[in-house]
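Trainee: Sequence below, structure please.
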Amino acid sequence: MSADRLPRRVPAAMTRVGDHWVLVPADDAEVAVINETGRAIVEQCDGTRTVEDIAREIAATGVEYDTALTDVTAFLDRLHRAGLLKHDHSPDTT
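Mentor: Below you'll find the predicted structure:
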């Protein structure tokens, strides 16, 4: 997923189970178990923030930006492949 994409989560219930969160989609996408950082990323996937925006928010918690961008991109790619995430191009791109 490129950094200019606007990730948007699909409708899914998010339930805390112990130290993790379970995403249960409304359709036939896969169920996912994520940690607290994953939850923070998913909650930002509202179609208005780019992957870079989300990575900057994660970096603000003390992670190097380049590491955050790599990790956020990989995590969002996994969610997209599982059918839990849609993405659009940023309106700034041609």
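Trainee: mind listing the helices for the protein?
Mentor: 36-43, 51-59, 65-81 (DSSP state H).
Trainee: Flag the shaky bits of this structure, pLDDT-wise.
Mentor: 1-2, 89-94 (pLDDT under 70).
Trainee: just so I know, which of the helices of the chain lies nearest Asp27?
Mentor: Closest to Asp27 of the helices of the chain is helix 65-81 (CB to CB; 14.0 Å). Backbone N, C-alpha and C define where each C-beta goes, glycine included.
Trainee: Can you tell me which of the helices of the chain is packed in deepest?
Mentor: helix 51-59 (a mean of 19; mean count of other CB atoms under 10 Å).
Trainee: what's the angle from that helix to helix 36-43?
Mentor: 150 degrees (axes from the mean of the first three to the mean of the last three CA atoms, to 10 degrees).
Trainee: Can you list the helices and strands that helix 51-59 packs against?
Mentor: strand 5-9, helix 36-43, helix 65-81 (3 or more CB pairs under 8 Å, 6 or more residues apart in numbering; DSSP states H and E).
Trainee: chain center to the last one, what's the gap?
Mentor: Same thing as helix 65-81. From the chain centre to the centre of helix 65-81 is a distance of 7 Å (CA atoms, centre = their mean, to the nearest Å).
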